[in-house]
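Visitor: below are the sequence and a predicted model; questions follow.
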Amino acid sequence: MHLGKFLYFLDFFIIPPVVAYFLYWLPYELSLMSGGVSAAAVLGGFVLWTLIEYAFHRWLLHEWPWLRHLHDEHHEQPEALFGTPPLVGVIQISLCVFVPLWFVEPVTAAGVTAGMLAGYLAYISVHWATHHIREPKLGYLVRARRRHMLHHYRAGQTNFGVSTGFWDWVFGTEHLRNTHKFSR
Ligand SMILES: [Zn+2]
Ligand SMILES: [Zn+2]
């Protein structure tokens with residue numbers, strides 16, 4: 001959806017305090033056991049987000065007609081401020097992840113939710129950077145930009161991961177110019 005500057009960047013400011021709120025739920029006096037479980041929950045949530053990011057982009061944004069229509073606009077005008085309206089991602093992750101997990105184990109629920117929200121923030125930040133920082137200094141951003149530009153160049157048939165190329169490698173949709181590898 002085409003958003004004005006204010007709405008486009010609002011999530012960048014809303015998400016950090018929400019992540020901090022969920023991290024606040026984790027135990028203060030960290031024993032090796034509870035600290036390990038909390039860290040694993042946050043890390044697990046972050047990794048889980050990268051898989052959801054891949055699946056959402058590949059099978060919903062590119063294949064579900066209603067969302068495809070909206071996403072096509074981003075492909076046509078890659079530098080315009082198209083994105084998910086603010087709070088939609090935060091509310092969806094909180095409702096779909098935190099609420100059901102809370103009934104199982106509240107601390108783990110908070111950790112996984114914090115990790116997923118941090119992953120979502122990383123995704124929208126990296127996606128913005130790939131389109132707006134033309135000569136990134138950071139090697140990670142150079143690779144992310146090349147990967148995502150190839151996604152646009154190949155008309156959305158490859159490189160669905162924005163923050164990582166790992167799931168493209170797993171699912172065989174990775175396309176790297178240097179190796180001329182193309183598979184789907
Ligand atoms: Zn893009
Ligand atoms: Zn796309």
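Guide: Received, thanks. Ligands and ions are numbered 1, 2, ... in the order given.

Visitor: show me the helices in this structure, by range?
Guide: Taking DSSP state H, the helices of the chain run over residues 5-24, 32-55, 65-76, 88-93, 99-104, 106-132, 139-153, 166-171.

Visitor: report the separation between Tyr140 and Leu150.
Guide: 16 Å (CB to CB, to the nearest Å). To be clear about C-beta, it is placed using only N, CA and C from the backbone, and glycine gets the same treatment.

Visitor: more neighbours: these two, which one.
Guide: Remark: of Tyr140 and Leu150, Leu150 carries more neighbours, 17 against 12, as counted by other CB atoms under 10 Å.

Visitor: the more buried one against Glu174, yeah?
Guide: No. Leu150 is beyond contact range of Glu174, at 9.5 Å (criterion: CB atoms under 8 Å).

Visitor: what is in contact with the two at once?
Guide: Common neighbours of Leu150 and Glu174 (criterion: CB atoms under 8 Å, 6 or more residues apart in numbering): 158-159.

Visitor: how close does Leu61 get to Val162?
Guide: On the measure of CB to CB, Leu61 and Val162 end up 11 Å apart.

Visitor: also Trp169?
Guide: 14 Å.

Visitor: and these two? Which one has more around it.
Guide: Val162 (22 against 12).

Visitor: on the pLDDT front, check the nearest residue to that one once chain neighbours are set aside for me.
Guide: Nearest non-adjacent residue to Val162, counting by CB to CB, 6 or more residues apart in numbering: His127, 4.9 Å away. We have a pLDDT of 96 for His127.

Visitor: Pro85 now?
Guide: So, for Pro85, pLDDT stands at 86.

Visitor: next, the contact list for it, please.
Guide: Counting by CB under 8 Å, 6+ apart, Pro85 has contacts 1, 3, 7.
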